[in-house]
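*Asks:* have a look at this fold, sequence not included:
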């Protein structure tokens, strides 16, 4: 593979992944009812508003969820995957197959995002348990819809919170299922980097 091809794929994947993460964060912030006045929330909102505003005129919310953000996440992933295929020289791919692969990759990105946000929350709960940094507050708010129900199910264990362990096990099981779904859906080898 030529260096320019490798660099192009790296740039496409990096930019695509970063923007996809912002769109997913925007969706999760709304789902978790996070504080939108948090400075980091404001950045996410400003970065995702330009494409979301027009999409919201076409795509309504559903059960209080921002479905326009879901569609935008799928579109961002779709464009990134098609761009990588074009750089590889494969050309234009079947849009239906590519959309299925994009959906699988978006779900994988959500799982990875939760994994890292929970991991960072755990680390900072040891390092700076009383920190009021806006990033940590936002991470706690985003993770609460996932960790909260498990905390309520687990009995009290002397001040130790084992809910992240249960979530990590669940996330790993879901990642295995997603990887198998990608193989079953015929994801080309060049696009496995998205999963």
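*Replies:* Okay, I see it. These numbers come from a predicted model, not from an experiment.
*Asks:* please count neighbours and contacts with C-alpha atoms only from this point.
*Replies:* Noted.
*Asks:* list the contacts for residue 67?
*Replies:* Residues near residue 67 by Cα atoms under 8 Å, 6 or more residues apart in numbering: 59-61.
*Asks:* same question for residue 77.
*Replies:* Applying Cα under 8 Å, 6+ apart, the residues near residue 77 are 16-17, 20, 102-103, 105-106.
*Asks:* would you list these in CSV and tack on neighbour count, secondary structure and distance to residue 169?
*Replies:* Supplementary listing: the contacts of residue 77 in CSV, determined by neighbours: other Cα atoms under 10 Å; DSSP: H, G, I helix; E, B strand; the rest coil; distance: Cα to Cα, whole Å:
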residue, neighbour count, secondary structure, distance to residue 169
16, 21, helix, 27
17, 18, helix, 24
20, 24, helix, 24
102, 27, helix, 24
103, 20, helix, 22
105, 25, helix, 20
106, 25, helix, 20
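*Asks:* where are the low-confidence patches of this structure?
*Replies:* Along the chain, segments meeting pLDDT under 70 span 1, 156, 188-195.
*Asks:* report the central residue of it.
*Replies:* Nearest to the mean C-alpha position of the chain, counting by Cα atoms, centre = their mean, stands residue 110 at 3.1 Å.
*Asks:* which one is that one nearest to, not counting chain neighbours?
*Replies:* Counting by Cα to Cα, 6 or more residues apart in numbering, residue 110 lies nearest to residue 24, which is 6.9 Å off, once chain neighbours are set aside.
*Asks:* C-terminal to the one helix or strand that neighbour maps to, what's the next element?
*Replies:* Secondary structure assigned from DSSP states H and E places residue 24 in helix 3-31. Under the assignment DSSP H and E, the closest C-terminal helix or strand after helix 3-31 is helix 39-58.
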